[in-house]
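Engineer: Make a model of this:
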Amino acid sequence: TGQDANSNGSLDASEITATRYVCNGTVGTSGAKGDKGDPGTAGTAGATGAKGDKGDPGTAGTAGATGTKGDPGVGVPTGGTAGQILTKVTGTDYNTQWTSPGAAASSVSVQLRANKVGGTGETLPVATSTTAPTIAFNNVLTSPTLGTWDGSTYTLGTGGAGLYLVQANILTPDAGTPTQTISASLVLEVNSAGYGSTAGNVYYGLYSSLNGYTPAGTKGRGEFSRAVYLNAGDTFKIRGTSSTGSLATQPISTVAASYLAVLKLN
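Structural biologist: Next up, the predicted model:
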């Protein structure tokens, strides 16, 4: 007990004037909650629990960037018809074509079919000329598989060596006097050997005579057909002159009958 001299609501130590102890007093009112104590020492880890249930699928991640383009796959030629089979053309890997079973034993293949429809009509000079112009066959019906054709020059590919049959035919319009229509003489020139050469790389066709009796539009003509062995990388073209030493031909007719065909025989 004592007097609260400073009126602060509690007895300070200096204000206590008497002290007595009362035993077995009644339980006092619960004090306010004390401050949170410091964390205790971690206990020993418990035993591993049983495996939990499978969780739900997670959200799909963002798509990754597109990868680089892969190498080209092994090609198979398009086309073909029901019942045909795929056969080798040469020893080169993947150089194949569709063939009918009955023709499998034959190695003949059509390498080029082209005509002059929609193309140019070259006029072939007199037979005495030393310059025979190249004849273009621009309308391609069958493209080569063993080489390339640019409309006037055929180039054999790396697997193209072999014996070839080359056939060419041209027609011209009739002359003003139809019975005086001049025909053409066609030539196969290999590797730009030069017209007039006799070294073996220029193959000369038949020398056509004057023709005044066949139907209109067929009197002026030129034909070439020859089997020629060609090596990979060789080039060839068709050239021509008129069949007389005094008159040039009429311009070549740009019709389907003015054509070029190339067949590989083996």
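Engineer: Residue ranges in the stretch 1-150 of the chain under the pLDDT threshold?
Structural biologist: Within the stretch 1-150 of the chain, the stretches with pLDDT under 70 are 72-75, 102-106.
Engineer: And what about residue 107, helix, strand or coil?
Structural biologist: Following DSSP: H, G, I helix; E, B strand; the rest coil, we place residue 107 in the coil state.
Engineer: Which stretches in the stretch 51-200 of the chain count as strands?
Structural biologist: With DSSP state E, counting those that start in this stretch as the definition, the stretch 51-200 of the chain shows strands at residue ranges 85-88, 96-99, 109-115, 139-142, 147-149, 154-156, 162-172, 184-190.
Engineer: Point out the most buried one among those.
Structural biologist: When you average the neighbours per residue for each of the strands of the stretch 51-200 of the chain (mean count of other Cβ atoms under 10 Å), strand 184-190 leads with a mean of 23. C-betas here are computed from N, CA, C, even on glycine.
Engineer: May I see the strands of the stretch 51-200 of the chain arranged in TSV, with distance to residue 225 as well?
Structural biologist: Shown next, in TSV, are those (distance: least, Cβ to Cβ, whole Å):
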stretch	distance to residue 225
strand 85-88	27
strand 96-99	24
strand 109-115	14
strand 139-142	18
strand 147-149	18
strand 154-156	16
strand 162-172	5
strand 184-190	9
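Engineer: of all these, which lies closest to residue 49?
Structural biologist: strand 85-88 (63.8 Å; Cβ to Cβ).
Engineer: From the contact counts, what lies against that closest one?
Structural biologist: Strand 85-88 makes packing contacts with strand 96-99 when contacts are defined by 3 or more Cβ pairs under 8 Å, 6 or more residues apart in numbering; DSSP states H and E.
Engineer: Could you spell out the sheet neighbours of the strand it packs on, each with its direction?
Structural biologist: Each strand paired with strand 96-99, and its direction, by DSSP bridges: strand 85-88 (antiparallel).
Engineer: Between the strands of the stretch 51-200 of the chain, which one is closest to residue 227.
Structural biologist: When the strands of the stretch 51-200 of the chain are ranked by distance to residue 227, counting by Cβ to Cβ, first place goes to strand 162-172 at 5.1 Å.
Engineer: Convert the C-alpha atoms of the closest one to PDB, please.
Structural biologist: As requested, the backbone C-alpha atoms of strand 162-172 are provided in PDB (Å, rounded to 0.1, in the frame of the first residue of the first chain):
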ATOM      1  CA  GLY A 162      23.700 -43.700-123.900                       C
ATOM      2  CA  LEU A 163      22.400 -44.200-127.300                       C
ATOM      3  CA  TYR A 164      19.700 -41.700-128.400                       C
ATOM      4  CA  LEU A 165      17.300 -41.600-131.300                       C
ATOM      5  CA  VAL A 166      16.700 -38.000-132.500                       C
ATOM      6  CA  GLN A 167      13.900 -37.300-134.900                       C
ATOM      7  CA  ALA A 168      12.900 -33.900-136.300                       C
ATOM      8  CA  ASN A 169      10.400 -32.800-138.900                       C
ATOM      9  CA  ILE A 170       9.400 -29.400-140.200                       C
ATOM     10  CA  LEU A 171       6.800 -28.100-142.600                       C
ATOM     11  CA  THR A 172       6.700 -24.700-144.400                       C
END
